[in-house]
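Undergrad: Predicted model follows, preceded by the sequence.
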Amino acid sequence: MATQVISAIPASSLIILVAENENNATAAEDWDVMEFHTLAELKKLRKHSPEKMKGRYFYALSKGVDPQFRHIHLTEAEHFKQFVRKIERMGLSI
């Protein structure tokens, strides 16, 4: 398994992606995707609009896209608090 040098990645090039939909949604196009440039922006959203029990969520920290325009995830999680803890453990300040 390759080790990524995360400290060499400038915080300005990192993007936080959040996808959410409801549990009974079946089609992929039912997901709403949002993009944030700082963790503070995401925390502000979650303070104003917390996760709902009937919702499904996916959080990802992207360092950019590959040649096929797919996001390259440094870390990902299905819940907000879990995602924040993972970023903090990585030692990132975004």
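TA: Thanks, I have the structure now.
Undergrad: right, and the helix or strand after the lengthiest strand in the chain?
TA: Longest strand in the chain, counting residues (DSSP state E): strand 55-65. Following strand 55-65 in sequence order, the next helix or strand is strand 71-77 (DSSP states H and E).
Undergrad: report the angle between the axes of that following strand and strand 55-65?
TA: 140 degrees (axes from the mean of the first three to the mean of the last three CA atoms, to 10 degrees).
Undergrad: mind listing what Glu22 touches?
TA: Asp30, Lys54, Gly55, Arg56 (CB atoms under 8 Å, 6 or more residues apart in numbering). For every residue, glycine as well, the C-beta is placed using N, CA and C.
Undergrad: Okay, the residue nearest to Leu17 when sequence neighbours are not counted and Asn24: tell me how far apart.
TA: Closest residue in space to Leu17, ignoring its immediate chain neighbours: Ala60 at 4.6 Å, by CB to CB, 6 or more residues apart in numbering. For Ala60, the distance to Asn24 (CB to CB, to the nearest Å) stands at 23 Å.
Undergrad: out of these two, which sits in the more crowded spot?
TA: Ala60 (18 against 8; other CB atoms under 10 Å).
Undergrad: which residues does the more buried one contact?
TA: Neighbours of Ala60 in contact, by CB under 8 Å, 6+ apart: Ile16, Leu17, Val18, His71, His73, Thr75, Glu76.
Undergrad: What strand or helix carries Glu41?
TA: Going by DSSP H and E, Glu41 is part of helix 39-48.
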